[in-house]
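[1] Any chance you could fold what I've pasted below:
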Amino acid sequence: MKTATRARAAAAALIGLSLVGVPKIAFADIKDYEFQLVDLTVQAGTDKVVTVKLLNKKTGKPVPDAVIFASRLDMAPDGMQEMVTKVTPMPGTEPGTYRFKATFSMAGRWQLSLGAKVQGETGTVESKLVVTAQK
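    Below you'll find the model as predicted:
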């Protein structure tokens, strides 16, 4: 009888130790990511570059290698959502930065809408950022 009790106690101790030794896995939520404009303004004109960075809000660290599958630039903030311009992705200069070339045909507020997938996460990071084009 004493052997069975000792065996059960040893098994319980081993299970307890194994649970303590398991590293805690922190799962991120897609809401933990956000795009931010590097510069809030750009000069109006052709072939202007807008740079954004994708950050993990919990860690403050940039998120490299996201797949941007949707981008749109229009003047929705000034009530002219039909004023759309083509957005061309460009290589980033630093990990976690994403650059886009576009023509800002007039001064005003332009909305850059982005959709991206972050590797290892389910869901989509969606952002609507307002950049101001100046004369």
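[2] In terms of secondary structure, what does the strand ranked longest in the chain contact?
    Under DSSP state E, the strand in the chain containing the largest number of residues is strand 45-56. The criterion is 3 or more Cβ pairs under 8 Å, 6 or more residues apart in numbering; DSSP states H and E, and the helices and strands that strand 45-56 contacts are strand 33-37, strand 41-43, strand 97-104, strand 108-117, strand 125-134. C-beta coordinates here come from the backbone N, C-alpha and C atoms, glycine included.
[3] Which positions in the second one come out as buried?
    This points to strand 41-43. Within strand 41-43, the residues that count as buried by 16 or more other Cβ atoms under 10 Å are Val42.
[4] Can you tell me what sits against that strand?
    Contacts to strand 41-43, defined as Cβ atoms under 8 Å, 6 or more residues apart in numbering, come from residues Lys48, Val49, Val50, Phe104, Val131, Thr132, Ala133, Gln134, Lys135.
[5] Met90 versus the fifth one, what's the distance?
    This points to Val131. Remark: distance between Val131 and Met90 (Cβ to Cβ, to the nearest Å) = 15 Å.
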